[in-house]
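Engineer: give me coordinates for this.
(chains A and B)
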Protein chains: 2
Amino acid sequence: MAISTKVKGSLESASWIRKMFEEGEEMKRLHGDKNVFDFSLGNPDLEPPSLFKKKLKALADAPISGMHRYMPNSGYSETRKAIADYIVEETGLPFTEHHIVMTVGAAGGLNIIFKAILDRGDEVIVPSPYFMEYRFYIDNCGGVIRLVETHEDFSLNLTAIEKAIHEKTKAVLINSPNNPTGVIYDVESLKKLGSLLEKKSQEIGQRIHIVSDEAYRRLVFDKISLPNLFQHYPHTLRVTSHSKDLSLAGERIGYVAVSPLCEETEELVSALVFANRILGFVNAPALMQRLVAALQRNSVDVRYYEEKRDLFYDALRSYGYQIVKPQGAFYLFPKTPIEDDVAFVKDLQSKRILTVPGRGFGKPGHFRIAYSVDKKVIEGALPGFKEVAEKYGLKGR
Amino acid sequence: MAISTKVKGSLESASWIRKMFEEGEEMKRLHGDKNVFDFSLGNPDLEPPSLFKKKLKALADAPISGMHRYMPNSGYSETRKAIADYIVEETGLPFTEHHIVMTVGAAGGLNIIFKAILDRGDEVIVPSPYFMEYRFYIDNCGGVIRLVETHEDFSLNLTAIEKAIHEKTKAVLINSPNNPTGVIYDVESLKKLGSLLEKKSQEIGQRIHIVSDEAYRRLVFDKISLPNLFQHYPHTLRVTSHSKDLSLAGERIGYVAVSPLCEETEELVSALVFANRILGFVNAPALMQRLVAALQRNSVDVRYYEEKRDLFYDALRSYGYQIVKPQGAFYLFPKTPIEDDVAFVKDLQSKRILTVPGRGFGKPGHFRIAYSVDKKVIEGALPGFKEVAEKYGLKGR
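Structural biologist: Prediction:
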C-alpha cells in the first residue's frame, strides 16, 4: 500500500461526505452551476475591502526591497505591533508585539497551539456541535478530543464541561460565533467558564487554557458586541484569521494572540513560534502580513451577511423548520424534520440544494446551511426547502 | 507547566543554537549590522524576477473577482496544469494537473508527504549531513528518521542505504543540490539508488518511495544539469518551492509532484490533498499560486550565486580550508581545522563572522556558510577566515 493506514482509514470514513460532494459536482455538470443551490461550503463570497486593494496596488507599484524574503518565524514586528495595538484598544490589557504570532490562517494557528501545549494523550474539551476539522488538528499533535454536549439552544453546558475535566485536560476550545450553529456565547456563560477553569486548574494542579477560535469574530449581528475572553479568563489564547472579515480565505493569513496575563507567557510564545517553524508553516505569507497590518480596523460589510441571515431564517421558520437564531458567522443549523439527517440532506439534493448533514459536526438530526452566497441562490432554493418541509408535514405559518 | 514536555525538551536542546543566534544579534547591536558578517541563515537576497513584479502589478491593477477565496485544497487547476506542462517538457513523462499538489512551501510539502505515507514507527532514510528540520517533519507524523552516512565527498553511500532498509522503511529522502553541502548527486548514483530500491521494495514487500527535496533545483552551477529522479525511479515524489528560484521564501509557495508512474498514484495524491487540509495548511496562498503559474520557466540569475561560490571557495581553499566544491545551492560546508566545531564557530564569532556548526546538520567537525549575501559581506569576512586559519596552522597557498 502506498499510503499510511491511518490516513487510508480517514479517507474511507470521510468518503460519504466526498460522495455527496461528488454528487453535487455531477449535479452542476448536469443542470448547470446556476441551477444548483450550493450551501455546502463556507467560502466568503465578498471581495476584500477597497483599502486592501489600494494597499496591494501601492505595494505592487512600488515594491519594497526584500519584501518577499524570510522574516522571523513569528512574523513582521510591525504587523504584530499593529495587531497588539488593536487588542489593547479592545481590552485595555498590556498586549505588545511579543504576544502575537502570525499564522497560516486560523487552521495554522490552531495546529501550532496544539503542538505547543499537548503531549501524547492530553485532552482538549470541545463543545459539540463543532467544526469537524478540530478532531484532526488535535490528533495531529497526539492529543485527544473530548466532546461535551451543549444545551438545546447550543449555549455552553458548564456542568458537562466540569464533568469532562480531569488531570489530562489541557484546554477548552471555544468557537464563538460558532460554526456550524452561528451561536455566540454570552458574557455570563464565559465568566462562569473562567471561574470554573480557575477552580479546576487549581484542583488538578495543571493550568487549563481557553483556546478561543474567533475565525468569525467580526461577523456579528443585531448590534451585539462579542464578549472578549481575554477579559474573563487570563489564560486565554485567541486564534483568528482574516479569511472572513477581509475575505482572504485563500491567502491563509491569521494570528494567535496570547494573553499577557497567561502563566509563563514567554515560554508559551516561544513554543508557538517553534511550532510554526517545525510544522512546516515557517511563517505566515509575507505579502499578506504587510497588507493586513493596516486593516485591523476594517472589515467587509457585515450587513451583507445579516440580511441573508434574516431572509433565510425567516423563510425557513415560516415553513416550520426549527432553528436556533444565529447571531453571527454565516451558518444556519436547523433540525431535520426526520431523525436521519443524511436521508434528509438527500431529499434536499433532489431539489438541487446542497447542504451538510449534522453528523459531520457531531450532531445528527440537524443540517448545516452555509449562506455566504448570492441572495439569488437563497431565493432560488426557498421553494425547494418549502416542498421538502411539506413532504414531512412541517407546520408552516 | 504551560507547554508540552516534548516541545520544552526541543526548545532546551535547541537553546545553544539560539544562544549563538542571540550572541550574533547582540554583536550586531554592539558593532552595527554592517560590521557583522552573517552567514548563518539561507535567506535568498535577490529580488524576484521582473516578470513576477509585472504580473503582481497587473493583478493589483485589475483584480479578478474571487481571487482571494478558497479554492480546492490541491490548488488552482490552472497553476497545477502549468507546472505539469513544465515537468512534461523536462521529463517526457505523462504528468497532468492531477499529479500536482500546491503547498505552503517545500516545508509544507514535506509535512504533507510524511503525513500521507507514514504510520507510527515507520522509517525514513536520510543521508547525512542533512537539513536539521527533517527530523521534526518526520517526527510530526509519528515517523522515525534513520540517518545514513555519505562518502567523504558527501556523495550517496549506497551500501549504507542498503543496510538501513528494513520492513519499516517507507521512503528515502534525497536533497540535491544539498543543504548544507551544496553537493549534487550524480546520475549514476541515482540510477543505482533506483535499482536498489526496486530490489529492496520487492524483498520487503513494501513500496519504498524516493522523496526528492529539490528546494534548490534551479541553483545549479558549472553548466551541469540536475539529474531528474522521475526518470530513474518511478516511485518518486518531488517537493520543491519558489523560495530560491524566484526569491519568494517569505511567501510560502511550492508544490509536490507525484510521478504518474507511481503505484496507486491516485490514492497517493488524495492522501496528500487530505493532509494539506488536516494539517492546517488548507491550501497554498492563492495570490502566489496565480503568480507562479506563469513563471515556471523563469528564475533569478544563478550566476549571482555562482560568482560568490567561486570567490568564497577559492579564497577559503587558498587559506588551507578543506572543502568539497559545491555545484549548487548557496552553501559551503568546510571541515573545521579542529575537532570541536562549536569552539571553531566561536573563534569565527570573535572575528564577527556568524556561521553554523556542523553538528546542527548531523556532522560535527564541519561548519556551514550560507553565502546568499552581498559580495561585500564575503569580502569583509575573508580576512577573519584567514586569521582563524592561521591560528590553527592551516597551510595556505
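Engineer: neighbours around A:E90, how many?
Structural biologist: Counted with other CB atoms under 10 Å in any protein chain shown, residues neighbouring A:E90 total 15. In this view, the C-beta of every residue, glycine as well, is placed from N, C-alpha and C.
Engineer: again, but for A:L197
Structural biologist: 25.
Engineer: likewise for A:S50?
Structural biologist: Once other CB under 10 Å is used to define contacts, A:S50 is seen to have 9 neighbours.
Engineer: got the contact list for it?
Structural biologist: A:S50 makes contact with no residue, according to CB atoms under 8 Å, 6 or more residues apart in numbering or on different chains.
Engineer: lowest-scoring secondary structure element of chain A by mean pLDDT?
Structural biologist: Counting by mean pLDDT, DSSP states H and E, chain A has its least confident helix or strand at helix A:15-31, which shows a mean of 75.
Engineer: quick check: neighbours of the next helix or strand after that one in the sheet, parallel or antiparallel?
Structural biologist: Per DSSP states H and E, the first helix or strand lying C-terminal to helix A:15-31 is strand A:37-38. The sheet places strand A:37-38 alongside strand A:353-354 (parallel), with pairing taken from DSSP bridges.
Engineer: the residue at minimal distance from the centre of chain A and A:L110, how far apart?
Structural biologist: In chain A, the C-alpha nearest the mean C-alpha coordinate belongs to A:A215, at 4.5 Å (CA atoms, centre = their mean). Here the criterion is CB to CB, to the nearest Å. By it, A:A215 lies 9 Å from A:L110.
Engineer: what strand or helix carries A:S212?
Structural biologist: Judged by DSSP H and E, A:S212 forms part of strand A:209-213.
Engineer: sorry, wrong one. I was asking about A:D222.
Structural biologist: When elements are assigned from DSSP H and E, A:D222 belongs to no helix and no strand.
Engineer: surely it touches A:Q327?
Structural biologist: Yes - the pair A:D222 and A:Q327 passes the contact test of CB atoms under 8 Å, sitting 5.7 Å apart.
Engineer: looking at those two, which one has more neighbours?
Structural biologist: The residue with more neighbours, out of A:D222 and A:Q327 and counting by other CB under 10 Å, is A:Q327; that gives 21 against 12.
Engineer: residues in contact with the more buried one?
Structural biologist: With contacts defined as CB under 8 Å, 6+ apart, the neighbours of A:Q327 are A:P177, A:G182, A:V183, A:I184, A:V220, A:F221, A:D222, A:I224.
Engineer: any of those residues buried? List them.
Structural biologist: A residue is treated as buried here by neighbour count (16 or more other CB atoms under 10 Å in any protein chain shown); on that basis the buried members of those are A:P177, A:G182, A:V183, A:I184, A:V220, A:F221.
Engineer: what separates the residue of the stretch 251-397 of chain A at minimum distance from chain B from A:L59, distance-wise?
Structural biologist: With CB to the nearest CB as the measure, the residue in the stretch 251-397 of chain A that lies nearest chain B is A:A286; the distance is 3.1 Å. Using CB to CB, one gets 11 Å for the distance from A:A286 to A:L59.
Engineer: between these two, which is the more surrounded one?
Structural biologist: Of the pair A:A286 and A:L59, A:A286 is the one with more neighbours under other CB under 10 Å, namely 25 against 17.
Engineer: so that one sits right up against A:P72, yeah?
Structural biologist: No - assessed by CB under 8 Å, A:A286 is found out of contact with A:P72, at 11.3 Å.
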